[in-house]
Each structure stands twice: as C-alpha cells, then as structure tokens.
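*Asks:* From the sequence below, what's the structure:
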Amino acid sequence: MLGWVVTFLIIALIAGILGFGGIAGASIEIAKIIFFIAVVLFLVSAVIGLSRGRTRI
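*Replies:* Numbering: from 1, shown residues only. So this is what the prediction gives:
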C-alpha cells in the first residue's frame, strides 16, 4: 500500500511541475487516503498482535 502512496505522490509532483493542477490535487488526495488506510491497518494489526501475546515453543 505504501508503494501506491509513493506512486501517487510522484504522479502529483510531475503533474504539478507540468501545470496540471487538477490531476496533481486528485493524486495527492488519493495518496492521503491510501496512507491513512495503511496506518489504520498497521495499528489494528499491532493491537491484535499485542493482544494475542507470545506463544511458547
């Protein structure tokens, strides 16, 4: 997911440099949404991992 964020940020930078403001704005918004979804999924998986505890081998 974070790879997608980087991709959309690069698209936004290139579009901004070339003067395509609408595409740049849309790419930034998509990158923000994907980034926050990735952060939420990370936090959920961290909480689940901590709640399960360590298993003894």
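*Asks:* And the helices in this protein?
*Replies:* Here the chain has its helices, by DSSP state H, at 2-18, 21-52.
*Asks:* among these, which is the most enclosed?
*Replies:* Stretch with highest mean neighbour count among the helices of the chain: helix 2-18 (a mean of 14; mean count of other C-beta atoms under 10 Å). The C-beta positions use only the backbone N, C-alpha and C, and glycine is treated the same way.
*Asks:* Could you point out which residue ranges in this structure have low pLDDT?
*Replies:* For the chain, applying pLDDT under 70 flags the ranges 54-57.
*Asks:* Pick out the residue nearest the middle of it.
*Replies:* By C-alpha atoms, centre = their mean, the mean C-alpha position of the chain lies nearest to Phe35, the distance being 2.1 Å.
*Asks:* where's the closest residue to it other than its chain neighbours relative to Leu50, distance?
*Replies:* Among residues not flanking Phe35 along the chain, Val5 sits closest, at 4.9 Å (C-beta to C-beta, 6 or more residues apart in numbering). Separation of Val5 from Leu50 (C-beta to C-beta, to the nearest Å): 25 Å.
*Asks:* Same check on Ile17?
*Replies:* With distances taken as C-beta to C-beta, Ile17 is found 43 Å from Leu50.
*Asks:* now do Phe35
*Replies:* For Phe35 relative to Leu50 (C-beta to C-beta), the value is 23 Å.
*Asks:* Kindly report the same for Val40.
*Replies:* Counting by C-beta to C-beta, the gap from Val40 to Leu50 is 16 Å.
*Asks:* do Phe8 as well
*Replies:* 31 Å.
*Asks:* ok, now Leu41?
*Replies:* Leu41 is 15 Å from Leu50, by C-beta to C-beta.
*Asks:* got it, and Leu18?
*Replies:* From Leu18 to Leu50 the distance is 46 Å (C-beta to C-beta).
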